[in-house]
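>>> Got a predicted structure plus its sequence, pasted below:
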Amino acid sequence: MGGLRRPVHLSLALGIALALLGAGCTNDEGNGQIARVNVPAFDADSAHALLRRQVEFGPRVPGTPGHAAQLQWMVEHLRERADTVIVQSFDQPIDGHEPIRLHNVFARFAPENSTRVLLVAHWDTRPVSDQEEDEARQRLPVPGANDGASGVAVLLALADMFAAQPPPIGVDILLTDGEDFATRPGDYENMYLGAKYFAANQPPGYAPLYAILVDLVGDTNPRFEMEGYSLQYAPEVVQRVWRMAEGIGYGHIFVRTTGMSIMDDHVPLNQGGIRTIDIIDMDYGPNNAFWHTQNDVVENTSPRGLGAVGEVIAALVYRGG
């Protein structure tokens with residue numbers, strides 16, 4: 001993930017807070033706790049193994065062998081589990097490059113069910129380590145253990161769960177390509193490419209209840225604030241997710257603090273009419289020292305954040321959205 005971070009304006013935050021107070025939330029018993037139901041256990045260790053497997057492919061920069069290998073692996077994984085898997089391929093002009101072939105992977109569980117949610121993560125990795133101090137290291141691609149592999153790992157582990165025990169609603173998983181293809185900060189023309197394409201090329205009549213983007217969730221000390229654009233575009237979805245997290249015991253990780261506004265895949269999806277929030281931890285390592293560097297490696301991740309996010313999403317899905 002490579003977007004700009006900006007604080008939410010105070011007046012906006014106050015307005016959002018009032019909206020949240022008035023927003024309804026299903027599955028809530030009025031005391032901050034949610035009755036336990038038959039929600040399958042999310043396997044955080046399995047998710048972390050899926051994270052590690054992606055890093056073993058090498059950097060997953062579009063046009064590289066690692067990118068091609070991961071695409072094949074993801075499609076095979078999902079075709080064994082989902083009812084429908086669509087590879088949405090497109091050619092994208094890139095500044096200073098020939099057009100490059102990108103691929104979104106769209107997996108559907110119970111596609112006939114009109115009540116459904118969309119789960120999103122990007123699977124590509126950044127071609128440059130622009131936050132490295134050393135100029136030579138800046139030209140190296142980011143390994144992408146957290147920024148790329150972590151969100152995909154959570155969603156693929158959830159796909160295992162959905163296949164083993166079908167949820168009561170329909171679920172779609174969208175793995176976007178070209179989220180992080182920029183080679184310089186603020187180059188938004190070459191970012192969020194897969195999300196932009198999907199927003200402009202949705203299935204006919206597509207209308208999920210909401211969508212959740214999962215990004216940078218593998219830190220050893222996870223902390224998810226309420227991201228600013230999520231509050232701006234879909235405050236009722238933020239409310240629903242954070243209430244669920246609190247109700248199942250993750251209020252110390254999903255904290256009720258208004259965070260930064262992060263440019264990410266959820267912005268073009270919201271602009272395309274899909275109410276989408278971003279679960280993201282923008283403090284990766286001491287003072288965010290591992291973000292967009294060569295330190296974005298498996299050793300600097302853990303199952304902890306993967307498990308918290310996976311359990312919250314599973315609870316939402318199996319309790320009917």
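Structure received. Numbers count the residues shown, from 1 in each chain.

>>> which of the residues in stretch 70-85 are buried?
For stretch 70-85, the neighbour count (16 or more other C-beta atoms under 10 Å) marks Gln70, Leu71, Trp73, Met74, Val75, His77, Leu78, Arg81, Ala82, Val85 as buried. To be clear about C-beta, it is placed using only N, CA and C from the backbone, and glycine gets the same treatment.

>>> Secondary structure element for the fifth one, which one?
Translated: Val75. If you go by DSSP states H and E, Val75 is part of helix 65-79.

>>> Could you pull out the strands in this protein for me?
5-7, 84-92, 100-109, 116-122, 170-176, 211-215, 224-226, 254-258, 260-262, 276-280 (DSSP state E).

>>> Run the angle between the third one and strand 116-122 for me.
The reference is to strand 100-109. Counting by axes from the mean of the first three to the mean of the last three C-alpha atoms, to 10 degrees, strand 100-109 lies at 150 degrees to strand 116-122.

>>> who does strand 100-109 touch, helix- and strand-wise?
Packing contacts for strand 100-109, counted by 3 or more C-beta pairs under 8 Å, 6 or more residues apart in numbering; DSSP states H and E, involve helix 65-79, strand 84-92, helix 149-164, strand 170-176, helix 193-200.

>>> Give me the distance from the third one to the chain's centre.
Taking C-alpha atoms, centre = their mean, to the nearest Å, the mean C-alpha location of helix 149-164 is offset from the chain mean by 11 Å.

>>> before we move on, what about the second one?
Here strand 84-92 shows a centroid-to-chain-centroid distance of 18 Å under the convention C-alpha atoms, centre = their mean.

>>> tell me the contacts of Asp177?
Pro62, Leu102, His103, Asn104, His122, Trp123, Asp124, Leu193, Gly194 (C-beta atoms under 8 Å, 6 or more residues apart in numbering).

>>> repeat that for 10 Å
Taking C-beta atoms under 10 Å, 6 or more residues apart in numbering, we find Asp177 in contact with 60, 62, 67, 71, 87-90, 92, 100-105, 122-124, 193-195, 197-198.

>>> Need the buried ones from the residues you listed selected in PyMOL.
One line in PyMOL is enough to select the buried members of the contacts of Asp177, burial here meaning 16+ other C-beta under 10 Å:
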select buried, resi 60+62+67+71+87+88+90+92+100+102+103+104+105+122+123+124+193+194+195+197+198
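
>>> in this structure, which segments are predicted with low confidence?
Within the chain, the ranges that satisfy pLDDT under 70 run 1-37, 96, 183, 185.

>>> repeat that for 50
For the chain, the stretches with pLDDT under 50 are 4-32, 34-36.

>>> centroid residue for it?
Closest residue to the average C-alpha location of the chain: Val214 at 1.9 Å, with C-alpha atoms, centre = their mean.

>>> Distance check, the residue lying closest to it once chain neighbours are set aside against Phe106.
Excluding its sequence neighbours, the residue lying closest to Val214 (C-beta to C-beta, 6 or more residues apart in numbering) is Gly151, at 4.0 Å. Using C-beta to C-beta, to the nearest Å, Gly151 is found at 15 Å from Phe106.

>>> quick one: which of those two has more around it?
Shown here are Gly151 and Phe106; by other C-beta atoms under 10 Å, Gly151 has more neighbours (31 against 20).

>>> Test my guess that that one contacts His122.
Yes: if you go by C-beta atoms under 10 Å, Gly151 and His122 touch, sitting 6.8 Å apart.

>>> what touches both of those two?
Here Gly151 and His122 have Met1, Leu175, Thr176, Glu179, Leu213, Val214, Asp215, Asp265 as joint contacts, going by C-beta under 10 Å, 6+ apart.
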